[in-house]
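Visitor: next one to model:
(one chain, ligands or ions: 1)
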Amino acid sequence: MTLSDTKPWWQGSFGYQIYIRSFADSNNDGYGDFQGIRSKIPYLKDLGIDFLWITPFYPSPMADWGYDVAEYCDIDPTFGNLDDFDALVEQAHESGIKIVADLVPNHTSDQHKWFKEARKGPENEFRDYYIWKDPAPDGGPPNNWVAYFGGPAWTFDETSGQYYMHLFLPEQPDLNWRNPKILEEFDQILRFWLERGVDGFRIDVAGGLMKDEQFRSNPEITPWDPEGDRWEQFESFEHRYDIFQKENHEIFRRWRSIFDEYGAYLHGETYILEPSGLAELLPGDGMHGGFWFEPMHIEWDPSEIRRSIVEVSELVGERILWAAGSHDMPRSPTRFGNNDLGRSRTLALNVVFSFLPGVPVIYQGEELGLIDGDVPEEHKLDPVALNDKQFGGRDGCRTPMPWSSGSNNGFSETQPWLISKQRDVSETAEAQIGKPESWHSFYKELLHTRRSLPDLTGLAVTWLDSGQGPVIWYERGPVGVVVNTSSETETVKLSLNSEIVYKTSQMELSESQEVAIPAAGAFVYLRD
Ligand code: NOJ
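Guide: Numbering: from 1, shown residues only. Here you go, the predicted structure:
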């Protein structure tokens, strides 16, 4: 038996996040769908992708664009039906691509039948599926918890005179994970999809499921301004009691045994910006992995880049999922300059991620160097757009994929669900595929180089840079990765008989084994 027979399928793999509404529209109704994804499987295979993580596709009133699930074991008609889903799984598998779905277990839609029942009153059999509390003595919310999207985490229910809890919108009531029936319901839901051939799940809000048993108020750090920016509101508190409760782990341990039966990948949206916090969420016998979000918050600065990579990599290693962008954050090239420099920096960051322990994931369009789409103010649809002063909401990173020079960038013949300005032709897949030195070519070559190199699983990372200067440099087994983060050319000297196997711009190895790396350039080498 070889190592590749025994190691889980995701080790050494490269993922691609599909925001389904905006990926590919097969029936020209303005929404991306499963048939659309199917039509792009050859594109994804050619790019070198190993698995797709597809954002929620379940029936939903779309208050939070699918992260408000009204039925867990079905497909929203916007995206197709269960037959389309099965066909996608089959086609992807035939092309050697795995499918990872997105499970939203922290909350349901307020239109889910469980909540519609629960709302009928305290005697209803589904009441305890959710979190209900009497008002505080002054009639206000039971404690000081606030929602991620701003405002209190409690909404008053006139019918029963009680509050229900929600970490996100009032339309997304939180489930009560202390109720064993919820555990049983989700065991069934997971098996439903695993039986259909799903290869894994990304768990939404993985740190939020369990709440403090006594519902204690969080310590206030700065005075809470209920009218403030959503992040300011959230960061006014130390989240000691609402999220990251140790008991979450019991749930993941239970799910792990189910996932292991199917050889499926259990990983989470582990939104915590402390390496030690991520390590606590991923003790090894629960989720196989978790996303690390700090790189989505850093400035382009060598010490920040190092800080966001080195410590967590040492602590959490193979369990990390590395990503520079997602459907929740401004696109990385936008954050790093909103121009070609930002695109080069994002590519360089992805080069760094690609050879570290863990699983790299790119967000649809990252391979085209996409900056955020331009969504006119009056067309913004993200429910948090108004009170997200820091980022202005999440619409910019969710605009449709630009496939070609046609109208609506070839995404759809109809006006897409999210209206944005037409992109420049040079940003489209059509213009970039097969063109030397296009962003698409650089990403494709990165993924293919990675595949062609020896398996690095289990090998440790050695950091070779000084820890101070602009060069970031590590070796792992026979592979070395070097990035120049500065805006000047930097030179490094490699050991004898090294060979450059990938580079993001013109770079040559001189006779004295020196390489001059242009600003934001990166290269990969094989050493003797
Ligand atoms: C994280 C998801 O990525 C985000 O889009 C969503 O709004 C929240 N969780 C709530 O489900």
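Visitor: near the ligand, which residues of the protein are found?
Guide: The chain comes close to the ligand at residues 64, 67, 104, 168, 204-205, 269, 327-328, as judged by C-beta under 6 Å from any ligand atom. All C-beta spots, glycine's among them, are computed from the backbone N, C-alpha and C.
Visitor: now Ser512: closest residue in space, sequence neighbours ignored.
Guide: Lys493 (7.1 Å; C-beta to C-beta, 6 or more residues apart in numbering).
Visitor: who's the one you found bridged to?
Guide: Glu514 (DSSP bridges).
Visitor: contact partners for it?
Guide: 512-515 (C-beta atoms under 8 Å, 6 or more residues apart in numbering).
Visitor: which of the residues of the chain next to the ligand are buried?
Guide: With burial judged by 16 or more other C-beta atoms under 10 Å, the buried subset of these is 64, 67, 104, 168, 204-205, 269, 327-328.
Visitor: ok, the residues you listed vs Lys7, which is closest?
Guide: Glu269 (24.2 Å; C-beta to C-beta).
Visitor: check which helix or strand Glu184 maps to.
Guide: helix 180-195 (DSSP states H and E).
Visitor: against which helices or strands is that helix packed?
Guide: strand 98-103, helix 248-262 (3 or more C-beta pairs under 8 Å, 6 or more residues apart in numbering; DSSP states H and E).
Visitor: could you give the angle of the shortest one to helix 180-195?
Guide: With axes from the mean of the first three to the mean of the last three C-alpha atoms, to 10 degrees as the basis, strand 98-103 and helix 180-195 are set at 160 degrees to each other.
Visitor: for stretch 116-126, which positions count as buried?
Guide: 118-119, 126.
Visitor: not counting its neighbours along the chain, what's nearest Glu499?
Guide: Leu526 (5.0 Å).
Visitor: okay, and Glu314 sits in which element?
Guide: Following DSSP H and E, one finds Glu314 within helix 302-316.
Visitor: CA atoms only: put that helix into CSV for me.
Guide: Output of helix 302-316 as CSV, limited to C-alpha atoms (Å, rounded to 0.1, in the frame of the first residue of the first chain):
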residue,chain,number,x,y,z
PRO,A,302,6.2,41.5,5.3
SER,A,303,5.9,41.4,9.1
GLU,A,304,2.1,41.1,8.8
ILE,A,305,2.2,38.5,6.2
ARG,A,306,4.7,36.5,8.3
ARG,A,307,2.7,37.0,11.4
SER,A,308,-0.4,35.7,9.6
ILE,A,309,1.3,32.6,8.4
VAL,A,310,4.2,31.4,10.5
GLU,A,311,2.7,30.9,13.9
VAL,A,312,-0.6,29.4,12.8
SER,A,313,1.2,27.1,10.4
GLU,A,314,3.4,25.8,13.2
LEU,A,315,0.4,25.4,15.5
VAL,A,316,-2.3,24.0,13.2
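Visitor: tell me the mean pLDDT for it?
Guide: Helix 302-316 shows a mean pLDDT of 94.
Visitor: direction included, what does whatever helix or strand comes next after it pair against?
Guide: The helix or strand immediately downstream of helix 302-316 is strand 320-323, counting by DSSP H and E. Its sheet considered, strand 320-323 pairs with strand 289-292 (parallel), strand 359-363 (parallel) by DSSP bridges.
Visitor: now do the helices in the stretch 101-250 of the chain.
Guide: 113-118, 180-195, 230-235, 248-262 (DSSP state H, counting those that start in this stretch).
Visitor: and the contacts of the third one?
Guide: Residues outside helix 230-235 that contact it (C-beta under 8 Å, 6+ apart): 146, 148-151, 221-222, 224-226, 384, 387-388, 390.
Visitor: hey, what's the residue nearest to Gln172 when sequence neighbours are not counted bridged with?
Guide: Sequence neighbours aside, His107 is the residue nearest to Gln172 in space, at 4.2 Å (criterion: C-beta to C-beta, 6+ apart). With DSSP bridges as the criterion, His107 is bridged to Asp174.
Visitor: and His107, how many neighbours?
Guide: Using other C-beta atoms under 10 Å, His107 has 28 other residues around it.
Visitor: that older thread, out of the buried ones among the residues of the chain next to the ligand, flag the one nearest to Met401.
Guide: Of all those, His327 has the smallest distance to Met401: 12.2 Å, by C-beta to C-beta.
Visitor: what about the contacts of Lys493, which one has the most neighbours?
Guide: Val515 (21 neighbours).
Visitor: right, and Pro34 touches Ala87 too?
Guide: Slight slip there: residue 34 is Phe, not Pro. Yes - if you go by C-beta atoms under 8 Å, Phe34 and Ala87 touch, sitting 7.4 Å apart.
Visitor: who has more neighbours out of those two?
Guide: Phe34 (26 against 15).
Visitor: look up how far the ligand lies from the more buried one.
Guide: Between Phe34 and the ligand the computed distance is 20 Å (C-beta to the nearest ligand atom, to the nearest Å).
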